[in-house]
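Visitor: I would like to see how this sequence folds:
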Amino acid sequence: MSHMDVAHPYFGIFLMIVLASVIFFGLVFLASKIGNNFASKNRKKLGLGIYECGPIPVKQANKINSQFFIIALIFILLDIEVVFLFPWALIFKDLGWFGLLEVLIFILLLGVGFLYAYKKGAFTWQSIK
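Guide: Purely as a prediction, here's the structure:
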């Protein structure tokens, strides 16, 4: 069998995915070019107007609390824990006591990290004022 043999059972599907990708990106490129030609060139007047209705917008300082990022990191940590537990749960009977001990150590290490974050005050919400 040479490397130029195209009799692979999934070769047709591969070609369809490549063709669909090329067509999709071609249509997106064509739509962006057509949209740029028909778009309004006077953007200054549009940017100075009030959107629909309501009070005049006032520029405010962007005050994003770093607590959002800490909570997001803890969520990702716990989410990845669940992802690692799914394959373990599928072969739990095959692993026996060793697998149970292994996952208990894994959960214990994550629990230690959780307690460390709790002691450092990662879960106490603070006001941004």
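Visitor: ranges for the helices of this structure?
Guide: 11-38, 43-48, 67-90, 92-119 (DSSP state H).
Visitor: mean pLDDT lowest for which of those?
Guide: Mean pLDDT across these is lowest at helix 43-48; the value there is a mean of 63.
Visitor: per-domain residue ranges of the chain.
Guide: 1-39, 65-128 (the TED database).
Visitor: Tell me which of those domains sits nearest to Lys59.
Guide: domain 65-128 (17.2 Å; CB to CB). Heads up, the C-betas are built off the backbone N, CA and C, glycines and all.
Visitor: Let me have the helices of the chain in TSV, adding distance to Trp125 and mean neighbour count as columns.
Guide: Conversion of the helices of the chain to TSV gives the following (distance: least, CB to CB, whole Å; neighbours: other CB atoms under 10 Å):
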stretch	distance to Trp125	mean neighbour count
helix 11-38	42	10
helix 43-48	36	8
helix 67-90	6	11
helix 92-119	13	12
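Visitor: returning to that earlier point: now render the domains of the chain as CSV, adding distance to Lys59.
Guide: Below are the domains of the chain laid out as CSV (distance: least, CB to CB, whole Å):
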stretch, distance to Lys59
domain 1-39, 26
domain 65-128, 17
